[in-house]
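Visitor: okay, structure incoming, though there's no sequence with it:
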Ligand SMILES: NC(=O)c1ccc[n+]([C@@H]2O[C@H](COP(=O)([O-])OP(=O)(O)OC[C@H]3O[C@@H](n4cnc5c(N)ncnc54)[C@H](O)[C@@H]3O)[C@@H](O)[C@H]2O)c1
Ligand SMILES: O=P(O)(O)OC[C@@H](O)[C@@H](O)[C@H](O)[C@H](O)CO
């Protein structure tokens, strides 16, 4: 029987990564989005192209066998599709999970197929699927909650592929880097077994993979973005060409590498090779990845388990060095009032009003160091009306 995957979020990573590999695994993909232009473009086309760009040239794959539904206008259709699907994935952004949970909960609730639905959130965050699972629980009747596990299984994932914002005239086509890594935990599937998706690297324990990814790829990426934005650079590749910024990125990665090696027992040499690959990837001039895309949502990125405070807090707990990470925090705090980024506007307001920001506990060994950095950025804003550097 034909396999069906429902994918929430027809954006960059949705079309350029998740759908590509679901398609390659033989799934029909039903895209769910709330943007009329994306949905009608998908409904009006039979295929789109994913082009890998690298120094070695370009390679293009054609994606077919998909449909699309607007969940804003056709919620019942989405519920019906979920009730008969094999897999649900999403790449909508961590802050959107609570909005897609109600419709997924309704679709799961009316399932009568013998095999449970496999739910895999593909967001840049620790425990993305668990967070979605929590919201789905909140939207499920308490009696039905007791048997939810018979209808759906929830597995966390780590997803890695750089997909920049696409040119306005590119339509559905996506230009993307060649490298990819999609790691998913196996335990939640128990005796049912995980879905057959060859691109996925299935692992027993996800934490080393997601922390290594988030605290290497995303920490360095965001560091280059915030320092780059501050220095007037347009793209990450341009920022990485600047010897000062490149040096800072190396310093930050030295700190996170020391945590990854210490905490997860990954060999120092293996981590160094991973770091070298990441530096090469984020420096890829063919991607034209803007500092605004990579720096987007600074408040999310300053979160407790996120790419800066997450590793810095763990380093502080171990009595290890975290000063370079604090420099990235400082630059993230300066990412204010950036056009098109609501969080950067909210951040400017929060810094004026002294509201809590990172969720770091007052008693934590990192707390006073972060307060100092916040104070510094705030005092400059007060002196000059805007941050000085
Ligand atoms: N772009 C990358 O390089 C990359 C790589 C790995 C992981 N990610 C993660 O993937 C997620 C998506 O990132 P992206 O770059 O593709 O962003 P994007 O903005 O290109 O795509 C997000 C899509 O979600 C849709 N959406 C918003 N609200 C929705 C809702 N309620 N229901 C259905 N769809 C909704 C948007 O309309 C948009 O099409 C993020 O968590 C990001 O961190 C991105
Ligand atoms: O998606 P964000 O906002 O969490 O982070 C921005 C980029 O660092 C991110 O999208 C990377 O391109 C991606 O994580 C690479 O795998």
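Guide: Nice, thanks for sending it over. This one's a predicted model, so the numbers in the text were calculated from it and none came from an experiment. Numbers count the residues shown, from 1 in each chain. Ligands and ions are numbered 1, 2, ... in the order given.

Visitor: what parts of the stretch 251-389 of the chain come near ligand 2?
Guide: 294, 296-297 (CB under 6 Å from any ligand atom). Glycine gets a C-beta too; all of them are placed from N, C-alpha and C.

Visitor: what backbone torsions are found at residue 292?
Guide: Per-residue torsions, residue 292: phi -70, psi -40 (degrees, to the nearest 10).

Visitor: not counting its neighbours along the chain, what's nearest it?
Guide: Nearest non-adjacent residue to residue 292, counting by CB to CB, 6 or more residues apart in numbering: residue 338, 5.9 Å away.

Visitor: next, count neighbours for residue 144.
Guide: Counted with other CB atoms under 10 Å, residues neighbouring residue 144 total 12.

Visitor: check contacts around residue 55.
Guide: Residue 55 makes contacts with 284, 286, as judged by CB atoms under 8 Å, 6 or more residues apart in numbering.

Visitor: returning to that earlier point: so which of the residues of the stretch 251-389 of the chain next to ligand 2 is the closest to residue 267?
Guide: Among these, residue 294 lies closest to residue 267 (CB to CB), at 28.8 Å.

Visitor: where's the closest one, which helix or strand?
Guide: Element membership for residue 294 (DSSP states H and E) is helix 291-295.

Visitor: quick check: mean pLDDT across that helix?
Guide: Mean pLDDT, computed over helix 291-295, is 97.

Visitor: re the thing from before, out of the residues of the stretch 251-389 of the chain next to ligand 2, which is most surrounded?
Guide: Most surrounded of those: other CB under 10 Å gives residue 294, at 24 neighbours.

Visitor: point out where the chain drops to low pLDDT.
Guide: Applying pLDDT under 70 to the chain flags the ranges 1, 354-356, 381-389.

Visitor: pull the longest helix from it.
Guide: In the chain, with assignment by DSSP state H, the single longest helix is helix 243-264.

Visitor: next, the buried residues of that helix.
Guide: Within helix 243-264, the residues that count as buried by 16 or more other CB atoms under 10 Å are 245-246, 248-249, 251-253, 255-261, 263.

Visitor: and stretch 59-73, by the same measure?
Guide: 63, 66-71.

Visitor: please name the residues that touch residue 367.
Guide: Applying CB under 8 Å, 6+ apart, we find residue 367 in contact with 360-361.

Visitor: what about the residue of the stretch 1-150 of the chain found nearest ligand 2, neighbour count?
Guide: Nearest residue of the stretch 1-150 of the chain to ligand 2 (CB to the nearest ligand atom) works out as residue 124 at 3.6 Å. Residues lying near residue 124 (other CB under 10 Å) number 22.

Visitor: and it, what does it touch?
Guide: 94, 159, 214, 218.

Visitor: how about the second one: what's its closest non-neighbour residue?
Guide: With CB to CB, 6+ apart as the criterion, residue 159 has its nearest non-adjacent residue at 4.5 Å, and that residue is residue 122.

Visitor: ditto for the third one
Guide: Once flanking residues are discounted, residue 214 sits nearest to residue 307: 5.5 Å by CB to CB, 6+ apart.

Visitor: now swap in residue 59 and tell me
Guide: residue 52 (4.7 Å).

Visitor: my guess is the one you found contacts residue 17. True?
Guide: No. Applying CB atoms under 8 Å, one finds residue 52 not in contact with residue 17, separated by 11.0 Å.
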